[in-house]
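>>> Have a look at this fold, sequence not included:
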């Protein structure tokens with residue numbers, strides 16, 4: 001590292017280090033910027049006599065001093081240690097080679113580090129996020145003399161099954177002319193084109209560009225008007241009945257999945273990422289237990305993708321476990337969302353799953369406390385609400401420079417202590433997102449999976465996307481879904497009454513209402529993730545089963561007593577469950593449908 005020493009350490013408080021700026025030849029302090037990356041160089045060398053460069057980010061600047069958060073363990077850092085400035089903000093490398101990688105929160109490829117240094121990762125390492133030696137076949141789409149703007153397509157590279165679009169630098173100001181471009185196989189750092197800016201300055205373009213993680217990729221493009229943001233117009237189909245029918249998530253929308261420990265968040269995330277109708281999946285394991293992260297890393301490469309190949313072929317995993325430094329945990333979500341925005345700008349549909357935003361907020365709380373900032377509720381920083389909003393606002397639907405639509409759907413899980421949905425992180429998230437899938441420990445205990453409680457969950461997209469539903473599923477789809485939601489609420493009210501009075505204390509009509517809601521829950525809301533058929537239900541099949549079930553519930557036969565009601569709905573539930581486990585093109589499927597019609601007297 002050849003950067004000049006511009007500061008020195010004067011205080012250390014865990015991962016917050018205060019540095020004192022040195023003065024230059026003019027007796028002025030060296031300039032330093034907030035969010036700039038600096039490197040702390042401990043005088044004590046590592047066990048292998050290697051000079052460590054501890055990466056840190058500037059949080060606060062005062063006259064002659066700055067507070068920085070270190071992304072590594074600060075053990076051994078002492079007063080007087082040298083500090084070198086990079087002159088750059090915390091950034092990630094964007095280019096071909098991202099898919100299939102497992103990174104830490106700073107985009108260090110964990111597999112490469114492990115192969116070089118073992119599974120106990122040494123401190124102070126910095127490895128290129130994208131392989132600098134691999135060659136990619138670059139095919140230009142522009143020629144010499146053409147003019148381009150920031151984000152314009154200049155060529156393509158084949159990255160696995162995807163066409164990776166090489167774009168003009170996102171920070172390019174105004175228009176520039178292509179003065180030179182070449183075709184062939186190159187590394188990501190080899191210049192493939194040169195641009196002549198309006199001030200006659202020559203800009204070399206490679207297949208890789210670095211971008212600061214705290215600045216949205218689309219921000220300069222939207223500001224210049226070359227890209228446009230659109231309102232979500234269609235749902236993100238997950239093939240999970242409860243979500244697609246009752247609590248939809250829009251393509252380019254936001255959702256949160258709060259729930260206590262053991263409620264099935266990890267399994268639900270896995271199903272959504274595997275079967276959702278998206279091109280690219282980015283998973284950020286932020287502060288989760290190491291066992292869960294290891295399970296994700298080992299299962300995804302072996303998990304078959306419904307679109308062909310393995311799921312890892314179109315996935316990027318960024319993991320910072322709870323045992324890793326707090327500062328890197330806080331940065332990991334920004335790293336993941338920047339990579340997601342990059343693929344969205346190419347016109348792809350991207351799904352980002354952040355697990356969990358509670359750990360991210362807790363990292364902010366620890367950092368805020370060490371900076372001695374004024375605390376808010378439960379000692380979280382006073383700016384927690386704005387930070388959560390700023391994060392989720394980076395999702396959305398973008399029309400890029402070429403007119404292609406790309407989407408970034410952000411689903412964040414929240415892990416409230418004790419399942420308390422009134423705590424600050426959950427409440428800030430609920431004020432921001434438009435779909436709330438609240439997991440219930442009681443439903444998980446009853447093995448009712450997915451354990452999303454339909455009585456507390458909601459989605460604002462059901463009405464917002466009513467035009468899409470009317471066009472694709474029928475004009476009466478949304479009213480019928482709301483009718484079934486009302487049935488669940490009425491059934492819960494009857495159940496509460498029965499807990500006090502028993503079955504004898506309710507009328508026959510109320511008892512029928514109760515069994516209708518139980519049947520709806522067991523045969524439609526619950527889904528078997530271990531069955532090859534029921535694990536993923538296309539929207540066409542959902543529509544067919546929903547219509548049949550609704551007829552059975554809204555037009556039941558006449559009953560003489562409660563025993564007859566119970567027997568009827570037990571048989572109906574059994575037939576529908578068998579139907580859920582049967583392929584649509586099999587003779588058994590038609591037989592079960594006929595038996596259901598006969599039982600319900602349709």
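Everything's here; your move. A quick note: this is a predicted structure, and the numbers were derived from the prediction, not measured.
>>> mind showing which ranges of the protein have poor pLDDT?
For the chain, applying pLDDT under 70 flags the ranges 1, 290, 323.
>>> for it, what's the longest helix?
Counting residues, the longest helix in the chain under DSSP state H turns out to be helix 477-501.
>>> How about residues contacting the next helix or strand after it?
Going down the chain from helix 477-501, the next helix or strand is helix 508-520, by DSSP states H and E. Here helix 508-520 makes contact (CB atoms under 8 Å, 6 or more residues apart in numbering) with 484, 487-488, 490-492, 494-495, 497-498, 503, 506, 549, 552-553, 556, 559, 561-562, 565-566, 569, 572-573, 576. In short, each C-beta sits where N, CA and C put it, glycine included.
>>> hmm, try it at 6 Å
Residues outside helix 508-520 that contact it (CB atoms under 6 Å, 6 or more residues apart in numbering): 487, 488, 490, 491, 494, 495, 553, 562, 565, 569, 573.
>>> Tell me which two in those residues are the farthest apart.
Pairwise distances across the contacts of helix 508-520 (CB to CB) peak at 20.5 Å, for the pair 488 and 562.
>>> quick one, strands of the stretch 101-250 of the chain?
Ranges of strands in the stretch 101-250 of the chain, per DSSP state E, counting those that start in this stretch, are 102-103, 136-140, 147-148, 153-159, 162-167, 176-181, 184-186, 193-197, 202-205, 209-212, 228-230.
>>> The fifth one vs strand 193-197, what angle?
Put plainly, it is strand 162-167. 30 degrees (axes from the mean of the first three to the mean of the last three CA atoms, to 10 degrees).
>>> rewinding a little: contacts for the longest helix of the chain?
Helix 477-501 is contacted from outside by 454, 455, 466, 469, 506, 510, 513, 514, 516, 517, using CB under 6 Å, 6+ apart.
>>> and residue 87, that's in a helix?
No. Looking at residue 87 with DSSP: H, G, I helix; E, B strand; the rest coil, it is strand, so not inside a helix.
>>> Any figure for the gap between it and residue 545?
According to CB to CB, to the nearest Å, residue 87 stands 59 Å off from residue 545.
>>> okay, those two: which has more neighbours?
Ranked by neighbour count (other CB atoms under 10 Å), residue 87 and residue 545 place residue 545 first, with 21 against 13.
>>> did I read that right, that one in a helix?
Yes. According to three-state DSSP, the state of residue 545 is that of a helix.
>>> The residue nearest to residue 205 when sequence neighbours are not counted bridge partners, please.
The shortest distance from residue 205 to any non-neighbouring residue, by CB to CB, 6 or more residues apart in numbering, is to residue 193 (4.3 Å). Taking DSSP bridges, one finds residue 181, residue 205 as the beta-bridge partners of residue 193.
>>> What residue spans form the domains of the chain?
By the assignment in automatic domain parsing, the chain contains the domains 5-89, 99-116+231-455, 136-207, 477-600.
>>> Buried deepest among the ones you listed, which one?
Among the domains of the chain, ranked by average contacts under mean count of other CB atoms under 10 Å, first place goes to domain 99-116+231-455 (a mean of 21).
>>> how far out from the middle of the chain is that domain?
Taking CA atoms, centre = their mean, to the nearest Å, one finds domain 99-116+231-455 lying 3 Å from the centre of the chain it belongs to.
>>> same check, this time on stretch 458-470
Between the centre of stretch 458-470 and the centre of its chain there are 22 Å (CA atoms, centre = their mean).
>>> Endpoints of that stretch, how far apart?
Taking CA to CA, to the nearest Å, the first and last residues of stretch 458-470 lie 20 Å apart.
>>> With stretch 77-85 instead?
One end of stretch 77-85 to the other measures 17 Å (CA to CA).
>>> cool, stretch 222-236 as well?
This stretch, stretch 222-236, spans 24 Å end to end (CA to CA).
>>> Can you give the distance from it to the centre of its chain?
19 Å.
>>> which other residues reach it?
Contacts with stretch 222-236, where a contact means CB under 6 Å, 6+ apart, come from 149, 151, 218, 221, 248-253, 276, 396-401, 409, 465, 468.
>>> just stretch 414-421 next, same as before
Stretch 414-421 is touched from outside by 256, 258, 260, 356, 357, 358, 423, 425, 426, 429, 441, with contacts defined as CB under 6 Å, 6+ apart.
>>> Please repeat the previous calculation with a cut-off of 8 Å.
Applying CB under 8 Å, 6+ apart, the external contacts of stretch 414-421 come out as 256-261, 263, 265, 356-359, 423, 425-427, 429-430, 438, 441, 456.
>>> Of those residues, which belong to helices?
265, 357, 358, 359, 425, 426, 427, 429, 430, 441.
>>> Residue 384 is in contact with the fifth one, correct?
Yep, that's residue 425 we're talking about. Yes. The pair residue 425 / residue 384 is scored as a contact, 7.2 Å apart, by CB atoms under 8 Å.
>>> Find the residues that touch each one of the two.
residue 361.
>>> Which residue ranges of the stretch 501-602 of the chain form helices?
Using DSSP state H, counting those that start in this stretch, the helices of the stretch 501-602 of the chain run over 508-520, 539-554, 562-580, 587-600.
>>> So for residue 204, which of these sits nearest?
Taking CB to CB, helix 539-554 is the member of the helices of the stretch 501-602 of the chain nearest to residue 204, at 47.4 Å.
>>> Quick one: list the elements packing against that closest one.
When contacts are defined as 3 or more CB pairs under 8 Å, 6 or more residues apart in numbering; DSSP states H and E, helix 539-554 sits against helix 477-501, helix 508-520, helix 562-580, helix 587-600.
>>> tell me the angle that helix makes with helix 508-520.
Using the same axes, to 10 degrees: helix 539-554 against helix 508-520 is 160 degrees.
>>> what would the helices of the stretch 501-602 of the chain look like in CSV with distance to residue 50?
Formatted as CSV, those follow (distance: least, CB to CB, whole Å):
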stretch, distance to residue 50
helix 508-520, 63
helix 539-554, 56
helix 562-580, 58
helix 587-600, 64
